[in-house]
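Q: have a look; sequence and predicted model below, questions after that.
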Amino acid sequence: MSTTSGEVVIDLLDPAQYTTGLPYDQLAWLRENEPVYWHEEPNGPGFWVLTRHADVKALETDSATYSSEPWTVIPDAPPVGDEEHKLLIFSDAPGHTVRRKFLGVELNPIQVRTQREHVQDLAREIVDDIIERGECDLVDDVAGRLASFVIADMMGIARDEAVELFPAAELLTRGVRTDVGPGAEAQQTVFGHAARAWADRRARPGTDWLSRLANGVWEGGVEDEAYFNLDFFHLITAGSDTSRNVISTGMLALIEHPEAYAELSADPSKVPTAVEEILRWDPPLGYQRRTATRDTEIHGRRIKSGQKVTGWYAAANRDPRVFENPEVFDIHRDPNPHLTFGAGRHFCLGSHLARVELVEMFTELVTRIPDMELAGPVKTFEYDEIPSAHGPERIDVRFTPGPRVAR
C-alpha cells in the first residue's frame, strides 16, 4: 500500500525499487517532514518508520522499550529457533547478554587483531587470482570470496564448503521467511551443514571456533545441538553476506567518484577513513525492526505496545542534523558517527572483524588495481519482498592487468 506525501509516494514495501538500491528519496522526505511515520502494511498490522539519526539511535539503545523479539524484519513470520533456543539477533537480555559474550570470543578486538595478517594474505591471494586477467566479477571473484573465506577459516570449515553455503546465506540475510519456500530450503541447507559440524566437533574437537562452541558452556547454560545450529546459522549469514555487499557497493562508489579512487590509490593510508564513509554511504542493512514492549511517544506520536517500529540506517546516515553535506561522498569525513553497525546491546558483534576485512581488501584493490571500471551494467537481485540486506548480484569490471605478488 502506498500513500502520497506532497510529490513523493511513500511505499517502502515495494520490492521492485530495491533492485536499484535503497529508496533514499522517500527516506529523505520522511526524515524532513514526517520523522515518525505510520506505514500501512497490506498483509500485516502496519509499522512505524523512524528516519532521524537521534531517533534511530534511541530505538537501538532503549532495549527495555523496544524488543528484538520475535523478529527484526518487517514481515511477520515464525522466528528461527524456539522459545528455549533463540537466534542471538532475535533475543533480548538477559539471555542475549550471556549468549553474545559466549559466541563472540573470537570477535573481540584483541582476537581480531591477531587475524589482520591472515586477512592481508587472503586479500592478496584474491587479487592475485584476478589481476593477470584484467577483468572479473567483483561480487563473486573478490567480495564474496573474502567474506566467505575469512569466516570459514575462523570457524574451521573448508573454503569449498563456505562457497557452497554462500547462496543460502545470501538469501537468508535478506530476511526472507524461513518456514516456507526458498527460505525454508536455504535454512535446511545451513542446518544440514551445522549438523555435520556438530557431530564432527563433538567426536573430534579441535582448536577452531566451532569446536569451542560445540563443547562450550556459559553462565547458566550449555551449548546443545539446537543452540549450535543457531550459532552456525548466525556466523554463516552475518559473517559473509554483509561484508560482501559493502565491498561491492564500496568499489562501485569509488568507480563513480574517480577523484576519491585516485586519491586512495596514491595514498592508501587514507583507506581506514574512507571505509567509514563507504559504510555510511550505502549501508548493507537498510533498516532493522524492533517491537514496542510498552506504550511510548516519539515527537508527539503515540507508539502502542506490540507495534512494530523500524529504524532506517540508510536515512539516519544522511541526516543533515549530524552530517555536514550528507549527500556528498567524502572520504575525508571525520568524525563519522554512522549507524551502519547499529548501537546499544545489538551493536554488530562482528564490527571489528568487518573493519579489518574492509580496510585490507580496499587497500589491496586501490593500490594494485588503480583503474578499475565497469565492463557492463550492474546486475541486481529481483526481490519478492522488501529485503533487510541488499547488494548487487554481479558487477563485471575491467582494469589494466598486473603481476601476481612474488612469494
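A: All right, it came through fine.
Q: can you pull the phi/psi pair for the closest residue to Tyr287 other than its chain neighbours?
A: Excluding its sequence neighbours, the residue lying closest to Tyr287 (C-beta to C-beta, 6 or more residues apart in numbering) is Trp312, at 4.6 Å. Placement of C-beta: from N, CA and C, glycine included. For Trp312, the backbone dihedrals (degrees, to the nearest 10) come out as phi -100, psi 100.
Q: my read: Trp312 touches Trp48, true?
A: No: in this structure, Trp312 is not within contact of Trp48 by C-beta atoms under 8 Å, at 10.7 Å.
Q: which of those two has more neighbours?
A: A count of neighbours by other C-beta atoms under 10 Å puts Trp312 above the other of Trp312 and Trp48, at 28 against 22.
Q: just the pLDDT for that one.
A: We have a pLDDT of 98 for Trp312.
Q: contacts only, for it.
A: By C-beta atoms under 8 Å, 6 or more residues apart in numbering, Trp312 lies in contact with 27, 49-51, 56, 286-287.
Q: mind listing the helices for the stretch 301-407 of the chain?
A: In the stretch 301-407 of the chain, the helices defined using DSSP state H, counting those that start in this stretch lie at 313-316, 351-368.
Q: what's the most buried one of those helices?
A: helix 313-316 (a mean of 28; mean count of other C-beta atoms under 10 Å).
Q: can you list the buried residues in the lengthiest helix in the chain?
A: Counting by DSSP state H, the longest helix found in the chain is helix 181-203. Counting neighbours by 16 or more other C-beta atoms under 10 Å, one finds that the buried residues in helix 181-203 are 183, 186-187, 189-191, 193-194, 197-198, 200-201.
Q: how about stretch 315-333?
A: For stretch 315-333, burial by neighbour count (16+ other C-beta under 10 Å) applies to 315-319, 322-323, 326, 329-331, 333.
Q: make JSON lines from those and add pLDDT to it.
A: Output for those, formatted as JSON lines (pLDDT from 0 to 100):
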{"residue": "Ala315", "pLDDT": "98"}
{"residue": "Ala316", "pLDDT": "98"}
{"residue": "Asn317", "pLDDT": "98"}
{"residue": "Arg318", "pLDDT": "98"}
{"residue": "Asp319", "pLDDT": "98"}
{"residue": "Val322", "pLDDT": "98"}
{"residue": "Phe323", "pLDDT": "98"}
{"residue": "Pro326", "pLDDT": "98"}
{"residue": "Phe329", "pLDDT": "98"}
{"residue": "Asp330", "pLDDT": "98"}
{"residue": "Ile331", "pLDDT": "98"}
{"residue": "Arg333", "pLDDT": "98"}
